[in-house]
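Chemist: Take this sequence and fold it.
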Amino acid sequence: MGEKKMSKLNVLLGLVLLCLAACQSVPGKVGNLTEQQVAALKEVGFVQDADDWVFSASDKLLFGSNEAELMEEAKQTVYRITHQLMQAGITAVRVDGHTDATGSRSQNQQLSQRRAEAVAERMRAAGMKPDQIRVRGLGSEFPVADNRSESGKAQNRRVVLVVGG
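Modeler: Purely as a prediction, here's the structure:
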């Protein structure tokens, strides 16, 4: 084989090896999270949804109709989750507030924002830094249950915690 062909073959082989090395995943990582962080998320009830980890146990972070104040049990849940996240080294959380379909779109957006802020405030009180929490009010745009029944409406009055994976 000629020297030129051998040189091209070596370059090609090097590029293939470089590409394969770049495709390898880092041991102990699941997306952007470590295996320990994923275990901590699962322990407190987060489930994977595409690339994110979501805590949406609507029976845990519910609100009364037209209310933005956390119930005592919900305060304890937020406190426990926040400490678990901090112990695992998770430093970014999104808090999404939701409402049922009662009221105007504008009212629901504002109420959902206040609900998300109430949870974020509790997370800050538990020790999470303000710049680690992103808050969104999503109104009634993403229901998880039928808004025609009272039980469905109750399930839609919620806050969802999201950790990026």
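Chemist: what's the burial count for the closest residue to residue 129 other than its chain neighbours?
Modeler: Closest residue to residue 129 apart from its sequence neighbours, by Cβ to Cβ, 6 or more residues apart in numbering: residue 91 at 7.8 Å. Any C-beta I mention is one placed from the backbone N, CA and C, and that applies to glycine too. The local packing of residue 91 (other Cβ atoms under 10 Å) involves 13 other residues.
Chemist: Same check on residue 101?
Modeler: Around residue 101 there are 16 residues (other Cβ under 10 Å).
Chemist: That one and residue 108 touch, don't they?
Modeler: Yes - counting by Cβ atoms under 8 Å, residue 101 touches residue 108, with 7.5 Å between them.
Chemist: Mutual contacts of these two, please.
Modeler: Residues touching both residue 101 and residue 108 (Cβ atoms under 8 Å, 6 or more residues apart in numbering): residue 140.
Chemist: Which secondary structure state is assigned to residue 102?
Modeler: coil (DSSP: H, G, I helix; E, B strand; the rest coil).
Chemist: In this structure it contacts residue 65, no?
Modeler: Yes - between residue 102 and residue 65 there is a contact under Cβ under 8 Å: 6.7 Å.
Chemist: Give the residues shared as contacts by those two.
Modeler: In contact with both residue 102 and residue 65: residue 153, using Cβ under 8 Å, 6+ apart.
Chemist: circling back to that earlier point, so the residue nearest to residue 129 is in contact with residue 132, correct?
Modeler: Yes - Residue 91 sits in contact with residue 132 when judged by Cβ under 8 Å, with a separation of 5.0 Å.
Chemist: where in this structure is pLDDT low?
Modeler: 1-31, 57-61, 165 (pLDDT under 70).
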